[in-house]
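> just the structure for this:
(2 chains)
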Protein chains: 2
Amino acid sequence: MESKDDEIFAENAKTEIPKDGSVFGFDSLHRLLQSSLSPQLFQEVSRLLLGLNCGRALDTIAIPEPAKSLSSKHDFDLQAFSFRAEKESLREPRIVRVGLIQNSIALPTTAPLLDQKRGIFQKLTPIIEAAGSSGVNILCLQEAWMMPFAFCTREKKWCEFSEPVDGESTQFLQDFARKYNMVIISPILERDEKHGEVIWNTAVIIGNHGNIIGKHRKNHIPRVGDFNESTYYMEGNTGHPVFETAFGKIAVNICYGRHHPLNWLAFGLNGAEIVFNPSATVGELSEPMWPIEARNAAIANSYFVCSINRVGTEIFPNPFTSGDGKPQHADFGHFYGSSYISSPDSSCTPSLSRRKDGLLISDMDLNLCRQLKDKWGFRMTARYEIYADLLARYLKPDFEPQVISDPLLNKKTF
Amino acid sequence: MESKDDEIFAENAKTEIPKDGSVFGFDSLHRLLQSSLSPQLFQEVSRLLLGLNCGRALDTIAIPEPAKSLSSKHDFDLQAFSFRAEKESLREPRIVRVGLIQNSIALPTTAPLLDQKRGIFQKLTPIIEAAGSSGVNILCLQEAWMMPFAFCTREKKWCEFSEPVDGESTQFLQDFARKYNMVIISPILERDEKHGEVIWNTAVIIGNHGNIIGKHRKNHIPRVGDFNESTYYMEGNTGHPVFETAFGKIAVNICYGRHHPLNWLAFGLNGAEIVFNPSATVGELSEPMWPIEARNAAIANSYFVCSINRVGTEIFPNPFTSGDGKPQHADFGHFYGSSYISSPDSSCTPSLSRRKDGLLISDMDLNLCRQLKDKWGFRMTARYEIYADLLARYLKPDFEPQVISDPLLNKKTF
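Okay, here's the model as predicted:
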């Protein structure tokens, strides 16, 4: 054991260790365990950690040569898996190939804004090409992919990055959608020109013919840590739309909305089969929650969840403070990547790298969603009438919680 | 590596390996990793798996000698931890010591029913004494603790185990509640004598003076696998009560209710600070979900969750079938124990044994709940009005989901 660990230590010492809160700056928990445990032990640990029950290992997909070569030339992580479903008698399998992209920014935040945006376009091109040439049907990018995640600064100059739904970033992706017959989800900072030029955090849904199917605006805006997004844009006004595409019914739960079980539920009630969760979140705040919330949503709502987090550390020109007496600093913390996919059967893929750009590909048979609904019956046993009533009462200012007090509580301990 | 694994293999080969779906019949994931990884690697893996962020290790509590000695004499797993909270300026800490008990049945299911029940009383006595003598304030037993989990059989003779809320099992526990000034949650099979002798799955809340504070009946009844509970009792009619005890506001989400995020939410809206989840669930069906749902509930609702699962394999006199062409069998599968506690800060304790009876003790400062509410603001950013409206519409038979179809969807792929 010791010598093995020494090797891992040495290997990590060779590489640059980012400021990401980890002991080693390791690449992914999965790879860390795989390199440290025997195959048998690793199989058993995977059974519990990835939910691969009943000895069913997650299949890997052979990655086409062009994608492999792009991945090694442009140094991005590339992994591909496949979720199984039962064969049905009355429906054909509905296998969809999904791709998720996580990436760091391309140029320093001090570069001219247009160069920064074009730099990201250029950086993303080979990764999108790799997805397209691998036959990906639905591709999703990370939250506000066309800019640094500058909302920590509270500086309004970054609003310049915002674009209308049919703006430059959408046009850039429409070409790929057409070229590869691929649905693309493009989460941008939106400028709503028809409504007083206000700003939204929006996902644009581009159809596989390059057309714009629609948009969804982020429903829940954080008020935590340096996530000062609430000073830039307001809660979305687009409800919980499900987009019926050529490759299944999809929805987008943007970033902080993943902390809200009701948000996940609403996409499910509207019929989503895959919910994408493009995010931007940092290690110290949320890393232990990252493997929990998406998987819970997939289980509870009988759909696939595709979680994407940006990667890297972004340094801004002007330092800012975070309160609590901490020294001023110019970065938001380490975006830990770790994009992964959760299945309604409670299994999940390993995560992409915590440090590198990456493309995660997975096949999924959408028939699995209904199979899990039939198996567990969560929708049928949910008793929604009780909760509709409770929420309606809760909204009233004079709501009284249902509390039964111990009558012998003469002397309160607290 | 090889020699270390060989040792683990050899160690496991010495012990009886239960039919629990695991490669080794290992005791707990935590202990498996602890014995296989170097201390540094184990620390990093724990940071992610147990949510111990910011280098904050979970404290262990020194277990009092009488409890230790009971544990070794009666061969039950005994672990004790402590969750930290920030010190506040305007409130004193509100530290509560919680105990969870998981146990196998005492006698074969062929023994006379009264002997079976008394056998469990006798088996539980030293474990409850260990909790009491360790200063536990709130103790919770597993679901239907006073009987085998016989609902897989569909045989109605097991209903004989049912008792009124103030029956023999409650009386047994009331003595301990008084002796140790301890709130006890007692999940039983209830016979409602005043309403036509119907059966419920009920948790009785016994106050620290031995009084009965109230009861809660299981809200969501499974229809999955051999969980044939819906042929024994119906969905509960007690709402989502929160019990104000001498040691904080508590609620009980019984077993299958943990799959329903709305059920968790309702206890939160009513003000729960600790929600107990007494369960009975088996490996092949649910083990990968077990570490996910409770932790998600704790995070989403800013309260502590205490998860209890019974342990062991219970063999019934008459074999039964599970469909799908499987051979008839006489057991429900392996109840994998693994009781654990989740904190609203997304951390959790290691789990109790997958194979042995156990008592898990943890201190928790209830102030942490409000601290996390203030930090993350989930309650304030939840937009309940949208969801109250959606659920009210969803309940209508003519509900139309919010779907935006691609207008170019002339040829459906599916």
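
> assign A:Tyr233 to helix, strand or coil.
Secondary structure, DSSP: H, G, I helix; E, B strand; the rest coil: A:Tyr233 is coil.

> I figured it was touching A:Arg191, is that so?
No. A:Tyr233 is not in contact with A:Arg191 according to C-beta atoms under 8 Å; the separation is 10.2 Å. In this view, the C-beta of every residue, glycine as well, is placed from N, C-alpha and C.

> what touches both of these two?
A:198-199 (C-beta atoms under 8 Å, 6 or more residues apart in numbering or on different chains).

> where along chain A do the helices fall?
A:2-14, A:29-36, A:39-49, A:65-74, A:113-133, A:168-180, A:261-269, A:283-286, A:290-301, A:367-376, A:384-394 (DSSP state H).

> I'd like these as JSON lines, with mean pLDDT and mean neighbour count appended.
Converted to JSON lines, those look like this (pLDDT from 0 to 100; neighbours: other C-beta atoms under 10 Å in any protein chain shown):
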{"stretch": "helix A:2-14", "mean pLDDT": "39", "mean neighbour count": "12"}
{"stretch": "helix A:29-36", "mean pLDDT": "86", "mean neighbour count": "19"}
{"stretch": "helix A:39-49", "mean pLDDT": "81", "mean neighbour count": "18"}
{"stretch": "helix A:65-74", "mean pLDDT": "97", "mean neighbour count": "15"}
{"stretch": "helix A:113-133", "mean pLDDT": "98", "mean neighbour count": "19"}
{"stretch": "helix A:168-180", "mean pLDDT": "98", "mean neighbour count": "18"}
{"stretch": "helix A:261-269", "mean pLDDT": "98", "mean neighbour count": "26"}
{"stretch": "helix A:283-286", "mean pLDDT": "84", "mean neighbour count": "20"}
{"stretch": "helix A:290-301", "mean pLDDT": "97", "mean neighbour count": "26"}
{"stretch": "helix A:367-376", "mean pLDDT": "97", "mean neighbour count": "20"}
{"stretch": "helix A:384-394", "mean pLDDT": "98", "mean neighbour count": "18"}
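
> can you put those in CSV and add distance to chain B?
Below are these laid out as CSV (distance: least, C-beta to the nearest C-beta, whole Å):
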stretch, distance to chain B
helix A:2-14, 4
helix A:29-36, 5
helix A:39-49, 4
helix A:65-74, 22
helix A:113-133, 17
helix A:168-180, 11
helix A:261-269, 4
helix A:283-286, 6
helix A:290-301, 4
helix A:367-376, 5
helix A:384-394, 4
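
> CSV for those, including distance to A:Lys326?
Below are these laid out as CSV (distance: least, C-beta to C-beta, whole Å):
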stretch, distance to A:Lys326
helix A:2-14, 27
helix A:29-36, 28
helix A:39-49, 33
helix A:65-74, 36
helix A:113-133, 27
helix A:168-180, 34
helix A:261-269, 31
helix A:283-286, 11
helix A:290-301, 23
helix A:367-376, 44
helix A:384-394, 36
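
> to B:His74, which of those helices lies closest?
helix A:39-49 (27.9 Å; C-beta to C-beta).

> what's the end-to-end length of stretch A:314-325?
End-to-end distance for stretch A:314-325: 22 Å, by C-alpha to C-alpha, to the nearest Å.

> check contacts around the residue in the stretch 151-300 of chain A that chain B sits nearest to.
Relative to chain B, the nearest point of the stretch 151-300 of chain A is A:Pro288 (3.2 Å; C-beta to the nearest C-beta). With C-beta under 8 Å, 6+ apart as the criterion, the residues that contact A:Pro288 are B:47-48, B:50-53, B:346-347.

> returning to what we had before: closest one to A:Asn318 among the helices of chain A?
helix A:113-133 (15.1 Å).

> so what's the gap between that closest one and the chain middle?
19 Å (C-alpha atoms, centre = their mean, to the nearest Å).

> residues contacting that helix, please?
Here helix A:113-133 has contacts from A:64, A:66-67, A:70-71, A:73-74, A:76, A:78, A:99, A:101, A:103, A:105-107, A:109, A:111, A:139, A:141, A:145-148, A:160-161, A:168-169, A:172-173, A:176, A:179-180, A:182, A:357, A:359, A:361, using C-beta under 8 Å, 6+ apart.

> which residues touch the closest residue to A:Gln79 other than its chain neighbours?
Nearest non-adjacent residue to A:Gln79, counting by C-beta to C-beta, 6 or more residues apart in numbering or on different chains: A:Leu360, 5.6 Å away. Listed by C-beta under 8 Å, 6+ apart, the contact partners of A:Leu360 are A:79-81, A:99-100, A:102, A:339-341, A:349, A:352.

> which of those has the most neighbours?
Within the contacts of A:Leu360, A:Gln102 tops the neighbour count with 32 neighbours, counted by other C-beta atoms under 10 Å in any protein chain shown.

> now the strands for the stretch 51-200 of chain A?
All strands of the stretch 51-200 of chain A, identified by DSSP state E, counting those that start in this stretch, fall at A:59-60, A:77-83, A:95-102, A:138-140, A:183-192, A:198-206.

> in TSV, list those strands along with distance to B:Leu390 and mean pLDDT.
Below are the strands of the stretch 51-200 of chain A laid out as TSV (distance: least, C-beta to C-beta, whole Å; pLDDT from 0 to 100):
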stretch	distance to B:Leu390	mean pLDDT
strand A:59-60	37	88
strand A:77-83	29	96
strand A:95-102	26	98
strand A:138-140	24	99
strand A:183-192	23	98
strand A:198-206	20	98
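
> out of the ones you listed, deepest packed?
strand A:138-140 (a mean of 27; mean count of other C-beta atoms under 10 Å in any protein chain shown).

> that one pairs with which strands?
strand A:95-102 (parallel), strand A:183-192 (parallel) (DSSP bridges).

> which stretches of the stretch 301-414 of chain A have low pLDDT?
A:411-414 (pLDDT under 70).

> which one of the contacts of A:Pro288 is nearest B:Thr381?
Distances from B:Thr381 to the contacts of A:Pro288, taken by C-beta to C-beta, are shortest for B:Ser346, at 17.2 Å.

> tell me the phi and psi of that closest one?
phi 80, psi 0 (degrees, to the nearest 10).

> assess the claim that it and B:Gly51 are in contact.
Yes. When contacts are counted by C-beta under 8 Å, B:Ser346 is listed as touching B:Gly51 (4.2 Å).

> anything in contact with each of those two?
With C-beta under 8 Å, 6+ apart as the test, B:Ser346 and B:Gly51 both reach A:288-289, B:295.

> how about these in a markdown table, adding distance to A:Gly268?
Formatted as a markdown table, those follow (distance: C-beta to C-beta, whole Å):
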| residue | distance to A:Gly268 |
| --- | --- |
| A:Pro288 | 25 |
| A:Met289 | 20 |
| B:Arg295 | 20 |
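
> so how far is B:Cys255 from the residue in the stretch 51-200 of chain A that chain B sits nearest to?
Closest contact between the stretch 51-200 of chain A and chain B, by C-beta to the nearest C-beta, is at A:Gly51 (3.2 Å). In this structure, A:Gly51 and B:Cys255 are 19 Å apart, going by C-beta to C-beta, to the nearest Å.
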